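Participant: whatever this is, show me its structure:
(chains A and B)
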Amino acid sequence: MLNQHDILSTINMINQQHLDIRTITMGISLLDCADPDPRAACRKIYDKITRRAEKLVSTGEDIEREFGIPIVNKRISVTPMALVAGASETEDFVPFAKAMDDAAKAVGVNFIGGFSALVQKGATSGDRRLIASIPEALATTDFVCSSVNVGSTKAGINMDAVAEMGRIIKATAERTADRGGFGCAKLVVFCNAVEDNPFMAGAFHGVGEGDCVINVGVSGPGVVYHALQDVKGQPFDVVAETIKKTAFRITRMGQLVAQEASRRLDVPFGIVDLSLAPTPAIGDSVARILEEMGLEVCGTHGTTAALALLNDAVKKGGVMASSHVGGLSGAFIPVSEDEGMIAAAASGALHLDKLEAMTCVCSVGLDMIAVPGDTSAETISAIIADEAAIGMVNSKTTAVRIIPGPDTKVGDTVEFGGLLGSAPVMPVHPFGSEKFVQRGGRIPAPMQSLKN
Amino acid sequence: MRAIVTVIGKDQVGIIASVCALLSEHNVNVLDISQTILQGYFTMIMLVDASQTTVPFAQLVTNLEQAGKEKGVVIHAQREEIFNAMHTI
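Facilitator: Numbering: from 1, shown residues only, chains lettered A, B, ... in the order given. Here you go, the predicted structure:
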């Protein structure tokens, strides 16, 4: 029989330390739904999503019940919509977003990602039409998430797209002004976007993927935090080992759930994304892990080093636990979704510049950050360019999900509710970047040798 | 299909008897059982064979949880695989 201590520790992790499966995400290819008639295309999109994902939610709930492990979200990602809708003879892509939204509601998932375009080198007519439709699409749908990839290590950075996304983010905030610019919480600008990410808002089903796939995202900042409480004051070697062992356990559970979901739904298993994804709940924070390592508050000197260790140890522990690891895999630092980050930002200890440094060593980037409503489109574009440059040069995924809530100013708090939490409005530099952004063109792909 | 049933709560007369009676009603066979008092809390862990249950396993989980609430203890029933996955290589 299993060791009594092990059984009780698992139950404790689930009941006391917020251990959960963050998401089961079904990736669905919509490439076969393209049609010159937009209405026919939308019908095909709705039909395919509802057919493929019909049993996704009920299967997730069954697994949750039988294994006693909470599965917080059941979600869907689809082929970047610009590729599908680009074939249709229409300027307005909003109906495609509505078809996605209707399908998501019909099957009962809480987010559907893939209203996306990949423009790291250049934009097609479909890409341009999709990007232009983003503000309206995010304002008139509930569950649709959008992402645009504006750079990559191999292609460089498309600065025309960066400039355009600054304007689109501002327009999206304006269109959802009554909800604090909530539309921007569903819009991610990527560099080096991955094709198998199960986490929202950046999930889409890449063209290199099969017809349908199951990806699972695990979580568990609370478990890591509790494990570190047992090694107070000990050297970093011990800290790293403790995190690795914890990450192994968390990921094994994710692997088990992914395989079980794949078998029951008769859909191939894709990857486990071994990310530490925080929630606004007390005790489920990445910032608190960093503080447990000895920092007075997240954002002070030493934060980047602490995060680098955490991110690396999570990967090392998780990789052995899963047959296929993918997605973003690392520690997330979304400000509004992390109780410790919210506190650090509100106290003035955590600045945008420090967050940018932190994104050099962890998964993703400037995530769920509220900035003042009068932040210009060019400043937002410049923030995106900085973040994309970090991703491009370091061959990693970086992203910007930033919310310039209309009429908000530094010191305000923007409430999004649920897993999206609340964000203290953070200051940006007052000096302009207009002429920099207005240049347009492309930043060339970087050297991959002579690394210094 | 094997499962782990855990019962945690204040010690009282008849906990084991009532859980076993409920399992027996659902045609669940107890394979192993261990019991201890941890910091004043009664902690029982049972390994059971739930392959012949009279109701779907998810329903058994609900019935056990309900019975636990009535007795003032917390009862979990989870498939064994989750523990194996997390604690064995």
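
Participant: got the buried residues for stretch A:292-299?
Facilitator: Across stretch A:292-299, burial judged by 16 or more other CB atoms under 10 Å in any protein chain shown covers A:292-293, A:295, A:297-299. For glycine as for every other residue, the C-beta is placed from the backbone atoms N, C-alpha and C.

Participant: just the C-alphas of it, formatted as PDB.
Facilitator: Below are the C-alpha coordinates for stretch A:292-299, written out as PDB (Å, rounded to 0.1, in the frame of the first residue of the first chain):
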ATOM      1  CA  GLU A 292      10.100  33.200   0.700                       C
ATOM      2  CA  MET A 293      13.600  33.000  -0.700                       C
ATOM      3  CA  GLY A 294      14.600  36.000   1.400                       C
ATOM      4  CA  LEU A 295      13.400  39.100  -0.400                       C
ATOM      5  CA  GLU A 296      11.600  41.700   1.700                       C
ATOM      6  CA  VAL A 297       9.200  42.300  -1.100                       C
ATOM      7  CA  CYS A 298       9.000  41.200  -4.700                       C
ATOM      8  CA  GLY A 299      10.600  43.800  -7.000                       C
END
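
Participant: any idea how far that stretch is from the middle of the chain?
Facilitator: Centroid separation for stretch A:292-299 versus its chain: 24 Å, with CA atoms, centre = their mean, to the nearest Å.

Participant: average pLDDT for that stretch, rounded please.
Facilitator: Taken as a whole, stretch A:292-299 carries a mean pLDDT of 96.

Participant: do stretch A:256-269 as well
Facilitator: 96.

Participant: so which residues of the chain form strands?
Facilitator: Chain wasn't specified; assuming chain A. Under the criterion DSSP state E, strands of chain A are mapped to A:21-28, A:71-78, A:112-118, A:144-152, A:156-158, A:187-191, A:212-218, A:269-273, A:366-370, A:398-403, A:413-415, A:422-424, A:442-443.

Participant: meant chain B, my bad for not saying
Facilitator: B:2-10, B:29-38, B:41-49, B:73-79.

Participant: tabulate those (a markdown table), appending mean neighbour count and distance to chain A.
Facilitator: Converted to a markdown table, these look like this (neighbours: other CB atoms under 10 Å in any protein chain shown; distance: least, CB to the nearest CB, whole Å):
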| stretch | mean neighbour count | distance to chain A |
| --- | --- | --- |
| strand B:2-10 | 20 | 6 |
| strand B:29-38 | 12 | 5 |
| strand B:41-49 | 19 | 5 |
| strand B:73-79 | 22 | 4 |
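
Participant: figure out which of these is closest to A:Ala171.
Facilitator: For the strands of chain B, the distance to A:Ala171 is smallest for strand B:73-79, at 48.2 Å, taking CB to CB.

Participant: adjacent strands (with direction) for the closest one?
Facilitator: Taking DSSP bridges as the criterion, strand B:73-79 pairs within the sheet with strand B:2-10 (antiparallel).

Participant: what does the pLDDT read for the nearest residue to A:Gly441 once chain neighbours are set aside?
Facilitator: Among residues not flanking A:Gly441 along the chain, A:Met159 sits closest, at 5.5 Å (CB to CB, 6 or more residues apart in numbering or on different chains). For A:Met159, the model assigns a pLDDT of 98.

Participant: residue 52: how many residues sit nearby?
Facilitator: You didn't pick a chain, so chain A it is. Here the number of neighbours of A:Arg52 (other CB atoms under 10 Å in any protein chain shown) works out to 22.

Participant: please go with chain B instead
Facilitator: For B:Gln52, the number of neighbouring residues by other CB under 10 Å comes to 10.

Participant: same deal with A:Leu450?
Facilitator: Using other CB under 10 Å, A:Leu450 has 5 neighbouring residues.

Participant: that one and A:Glu292: what is the separation?
Facilitator: A:Leu450 sits 38 Å away from A:Glu292, going by CB to CB, to the nearest Å.

Participant: check A:Val188 too.
Facilitator: 29 Å.

Participant: quick check: the residue nearest to A:Gly441 touching A:Val437?
Facilitator: Yes: judged on CB atoms under 8 Å, A:Met159 makes contact with A:Val437 at a distance of 7.5 Å.

Participant: give the intersection of the neighbour lists for the two.
Facilitator: Residues touching both A:Met159 and A:Val437 (CB atoms under 8 Å, 6 or more residues apart in numbering or on different chains) are A:Ala385.

Participant: what's the pLDDT at B:Gln12?
Facilitator: 84.

Participant: I'd assumed B:Met44 was in contact with it.
Facilitator: No: look at B:Gln12 against B:Met44 with CB under 8 Å: they stay out of range, at 12.0 Å.

Participant: thanks a lot, catch you later.
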